[in-house]
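Novice: Structure, please.
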Amino acid sequence: MFFRKRSKKTIDKDAVAARLQHIAFIMDGNGRWAKAHGLPREGGHKVGATVFEKITRHCFDRGIRVVTVYAFSTENWSRPQKEVDAIMALLSDYLDYAEKKFKDYDARLVILGDKSRLSAELQEKIDRIERASADRGHVLNIALNYGARNELVSACNELIRAGKSTVTEADISDALYTRGCPDPDLVVRTGGDVRISNFLLWQSAYAEFYFTKTLWPDLSTDEVDRAIYDFCGRHRRFGGL
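Specialist: Numbering: from 1, shown residues only. Alright, predicted model coming up:
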């Protein structure tokens, strides 16, 4: 049973772990949430960062080994500089938190994306934390300066440099930012839009999707549980019957 029969429904962690290794989130709606609450867009990102931390820990507690979040796309550099600076400052603060706390829940940090455009300080922090956490059981992937098309181009160029004249699916998978990581089983998008916005195009070929109108800062652990429950009730055929 996925839900054990008690006075209040609770999720069976072992059942989740058996079916759902990797959950990915498109964290949409911070700006709209801020506008609705009379705040600047940066205020929405600040609240969204707190929710991100809570949801990540909840997923690990539910038995999910890998969590991936879409934090900043290659297209997001076109946003106002004040907003970009606020997002990068929140990321820096989160890296400080991760360095101190990730060991407590056996978590590894991986940044997916082109890190060359980030500040030297952020690059140094990322490198230090990725190396220090490399042997831990859970994985948090943060997609930062990430675009799936850009990722595929980068992978192809890497294979060309390696002398490949023909490639296999495994070759491409091993050249992506997510190399060594299982493909996402479930992709959750908040904010009401029904699209994937250049996120994990290759990796999500057979992922299940869950769309909600809830804005990211309003996302609760209860709704994450509903998404998990919905996923575990689906029959995944992978092209078969």
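
Novice: who touches residue 59 in this structure?
Specialist: Each residue near residue 59 by Cβ atoms under 8 Å, 6 or more residues apart in numbering is listed here: 23, 67, 224. C-beta coordinates here come from the backbone N, C-alpha and C atoms, glycine included.

Novice: and the first one, how far is that from residue 158?
Specialist: Noted for residue 23: a distance of 27 Å to residue 158, by Cβ to Cβ, to the nearest Å.

Novice: Now render the contacts of residue 59 as JSON lines, adding neighbour count, pLDDT and secondary structure.
Specialist: Output for these, formatted as JSON lines (neighbours: other Cβ atoms under 10 Å; pLDDT from 0 to 100; DSSP: H, G, I helix; E, B strand; the rest coil):
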{"residue": "23", "neighbour count": "28", "pLDDT": "98", "secondary structure": "strand"}
{"residue": "67", "neighbour count": "23", "pLDDT": "98", "secondary structure": "strand"}
{"residue": "224", "neighbour count": "22", "pLDDT": "97", "secondary structure": "helix"}
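
Novice: Among these, which one lies nearest to residue 154?
Specialist: Proximity of these to residue 154 (Cβ to Cβ) peaks at residue 67, which lies at 22.7 Å.

Novice: doesn't residue 56 make contact with that closest one?
Specialist: Yes - using Cβ atoms under 8 Å, residue 67 is in contact with residue 56, at 5.2 Å.

Novice: So residue 72 belongs to a strand, correct?
Specialist: Yes - assessed with DSSP: H, G, I helix; E, B strand; the rest coil, residue 72 lies in a strand.

Novice: OK, contacts around it?
Specialist: 87, 91, 113, 143-146.

Novice: what pairs with it across the strands?
Specialist: Counting by DSSP bridges, residue 72 is bridged to residue 144.

Novice: So for it, what's the pLDDT?
Specialist: pLDDT recorded at residue 72 is 96.

Novice: Roughly how far does it sit from residue 27?
Specialist: 10 Å.

Novice: quick one: the strands in this protein?
Specialist: Under the criterion DSSP state E, strands of the chain are mapped to 3-4, 10-11, 22-26, 66-73, 107-112, 138-146, 186-189, 208-211.

Novice: for those strands, which one sits closest to residue 170?
Specialist: strand 22-26 (17.8 Å).

Novice: what packs against that closest one?
Specialist: strand 66-73, strand 186-189 (3 or more Cβ pairs under 8 Å, 6 or more residues apart in numbering; DSSP states H and E).

Novice: what would those strands look like in a markdown table with distance to residue 196?
Specialist: Putting these into a markdown table (distance: least, Cβ to Cβ, whole Å) gives the following:
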| stretch | distance to residue 196 |
| --- | --- |
| strand 66-73 | 9 |
| strand 186-189 | 7 |
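
Novice: So for residue 167, which of the ones you listed sits nearest?
Specialist: strand 66-73 (23.8 Å).

Novice: for residue 69, what are its contacts?
Specialist: Taking Cβ under 8 Å, 6+ apart as the test, what residue 69 contacts is 24-25, 27, 52, 56, 140-143.
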